[in-house]
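[1] Fold the following and give me the result.
(4 chains)
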Number of protein chains: 2
Amino acid sequence: MNQTMDWQEGKEKFLQAWGALGSEWGINRTMAQIHALLMISPQSLSADSVMEELKISRGNANMNIRALMDWGLVYKELRTGDRKEYFIAEKDIWKVVRQIIINRKKRELDPMLKILDEISGIEPNCPEAEALNKTVHELKLFSSKADSTLEMLVKADSNWFVGTFMKMIK
Amino acid sequence: MNQTMDWQEGKEKFLQAWGALGSEWGINRTMAQIHALLMISPQSLSADSVMEELKISRGNANMNIRALMDWGLVYKELRTGDRKEYFIAEKDIWKVVRQIIINRKKRELDPMLKILDEISGIEPNCPEAEALNKTVHELKLFSSKADSTLEMLVKADSNWFVGTFMKMIK
DNA sequence: AAAATATTTCAGAAAGTTCTGAAATATTTA
DNA sequence: TAAATATTTCAGAACTTTCTGAAATATTTT
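    Numbers count the residues shown, from 1 in each chain, chains lettered A, B, ... in the order given. As a prediction, this is how the structure comes out:
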């Protein structure tokens, strides 16, 4: 019989999968797993709960929760009459993706555009220099387009995206 | 005086920048640098030239050139009367990006969709299970959309993309 | 078929990253 | 202000990834 998966097993699979995906994206495994755990938690969790659920040390939990907050993917939540801090993840997947785009764009695309500018305009006095110039020029065009596309995606809200953009590709 | 950068210096900056960008994307530094080197070379290069230019070992060069060929970003070129193999990079940046999308989609998005399907339909008999179901459901919707968007981008050719898509965001 | 040359493989070394756990610091309560 | 509790930091350990270089394999020439 096609026995339905139970919650515990589903949760574990999900944490695993999200952690693996994270590593492929240069986000570390634990950071991705903490994010996943918070995404599927109905309540906010304390650092201790995170440590226990994922079997990780206090230092590790602290560092990665902090990083998630820096990325704007996790918020602190204070409960009155409780000294601990609790953490809650952004659950709107579109907002999550948007935060990630913003962060990566800042870290990667912007520096790349800067360097391409610096390399522009080398004296084309040999085939090598010409080839370099050509590649740099094309990359600049492409990056600027990518840049404005991402800018647009970041500014657009979820509904606009689903409505307008998705209609286009039907 | 605003002295223009010379070719050697520009090349080095470019190789550095591309290598760094690669590591942020889970592509290893050397692989990215070999790709960059081939992108800005007017001629195809032998493994030996790559080794010498980037100061890397034969094994390293071989492994990463191989990986680049697997990704469809670099091709082998044979010269008549020469026993060595020469390598040349895909220089159309749009094709490069397309290959990368294809590869990453296969490695990441497809497995994620598969796992989300497996986790679907857990008995919602507690708030935890409900929250998991909700997250999984939303991720599935989002991933399918991302999937078809990428499918479209992959099928579209460069000109279509620049014309239609870019006009839309003006 | 032997010599010359080119390519691939892979074990161990080097480099890079992530994690632990205990100490330091900060904050709240009594 | 001292004790209790919570959070942060960070040196070294554990783990992961990447690289080297020499040996094995493959290919071409004589």
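
[2] measure A:Cys115 to chain B for me?
    Quick fix: residue A:115 reads Ile, not Cys. Note on A:Ile115: its distance to chain B, by CB to the nearest CB, to the nearest Å, is 4 Å. In short, each C-beta sits where N, CA and C put it, glycine included.

[3] three-state assignment of that residue?
    Assigned by DSSP: H, G, I helix; E, B strand; the rest coil, the conformation of A:Ile115 is helix.

[4] tell me which residues in the longest helix that chain A contains are buried?
    Counting residues, the longest helix found in chain A (DSSP state H) is helix A:127-155. Going by neighbour count (16 or more other CB atoms under 10 Å in any protein chain shown), the buried part of helix A:127-155 is A:128-133, A:135-136, A:138-140, A:142-143, A:145-146, A:150, A:153.

[5] what do you get for stretch A:20-40?
    Applying 16+ other CB under 10 Å to stretch A:20-40 flags A:20-22, A:27-40 as buried.

[6] end to end, how far does it reach?
    17 Å (CA to CA, to the nearest Å).

[7] and chain A, which of its residues are near DNA strand D?
    Contact residues, chain A versus DNA strand D (CB under 7 Å from any atom of the strand): A:23, A:46-48, A:58-59, A:62-63, A:65-66, A:83-85.

[8] what's the farthest-apart pair in those residues?
    Spatial extent of the residues of chain A next to DNA strand D (CB to CB) is set by the pair A:Ser23 and A:Arg83 at 34.2 Å.

[9] How confident is the prediction for the residue nearest to A:Pro124 when sequence neighbours are not counted, by pLDDT?
    Residue nearest to A:Pro124 in three dimensions, not counting chain neighbours: A:Glu130, with 4.6 Å by CB to CB, 6 or more residues apart in numbering or on different chains. Listed pLDDT for A:Glu130 reads 95.

[10] Let's see which of the buried residues of stretch A:20-40 end up in helices.
    Per DSSP H, the subset of the buried residues of stretch A:20-40 in helices is A:20-22, A:29-39.

[11] residues touching the residue of chain A positioned farthest from its centre, list them.
    Centroid-distance maximum for chain A: A:Asn125 at 42.8 Å, with CA atoms, centre = their mean. A:Asn125 makes contact with B:Trp7 under the criterion CB atoms under 8 Å, 6 or more residues apart in numbering or on different chains.

[12] Checking it next. Helix, strand or coil?
    coil.

[13] picking up where we left off before, other SSEs contacting the longest helix of chain A?
    The contact analysis (3 or more CB pairs under 8 Å, 6 or more residues apart in numbering or on different chains; DSSP states H and E) places helix A:127-155 against helix A:93-104, helix A:110-119, helix B:7-24, helix B:93-104.

[14] Off-centre distance for stretch A:28-38?
    Once both centres are worked out by CA atoms, centre = their mean, to the nearest Å, stretch A:28-38 turns out to sit 11 Å from its chain's centre.

[15] is any part of that stretch close to DNA strand C?
    Yes. Remark: stretch A:28-38 sits within contact range of DNA strand C at A:Asn28, A:Arg29, A:Thr30, A:Met31, by CB under 7 Å from any atom of the strand.
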